[in-house]
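Student: Build me a structure from this.
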Amino acid sequence: MIKVTAVYRYERQPDGGAAWIVELVEEPRCHTFGRTLRAAQHNIREAAAAWYEVEPSQVEVADDVRLPPPASRALV
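Tutor: Next up, the predicted model:
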């Protein structure tokens, strides 16, 4: 079992869209994105599996979700 930590950041795109950008703490060169958080979670598991050359079921991901400042302030 491979254990990794994924850091997620929500970013607005110049075209008006938005995406969750995600990278592994242990290997920042392994990164991906998703239009939804769920898609980004799925994509990083797939990317980590490919990076470490294992099946996706062999990857355990700890999520570190970084909310954008307006959302963070709303929670306080």
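Student: Please enumerate the helices of this structure.
Tutor: Ranges of helices in the chain, per DSSP state H, are 37-52, 69-75.
Student: Could you list the buried residues of the first one?
Tutor: This points to helix 37-52. 40, 41, 43, 44, 45, 47, 48, 49, 51, 52 (16 or more other CB atoms under 10 Å). C-beta here means a position set from N, CA and C on the backbone, and glycine is covered the same way.
Student: follow-up on the earlier one: dump the helices of the chain to a markdown table, plus mean pLDDT and distance to residue 28.
Tutor: Formatted as a markdown table, the helices of the chain follow (pLDDT from 0 to 100; distance: least, CB to CB, whole Å):
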| stretch | mean pLDDT | distance to residue 28 |
| --- | --- | --- |
| helix 37-52 | 97 | 11 |
| helix 69-75 | 65 | 22 |
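Student: Could you dump those into TSV and include distance to residue 30?
Tutor: Output for the helices of the chain, formatted as TSV (distance: least, CB to CB, whole Å):
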stretch	distance to residue 30
helix 37-52	4
helix 69-75	26
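Student: Could you measure from residue 47 over to residue 36?
Tutor: Distance, residue 47 to residue 36, using CB to CB, to the nearest Å: 16 Å.
Student: How confident was the prediction at the residue sitting nearest the centre point of the chain?
Tutor: Among the residues of the chain, residue 22 comes closest to the average C-alpha position under CA atoms, centre = their mean, at 2.9 Å. On the pLDDT scale, residue 22 is placed at 98.
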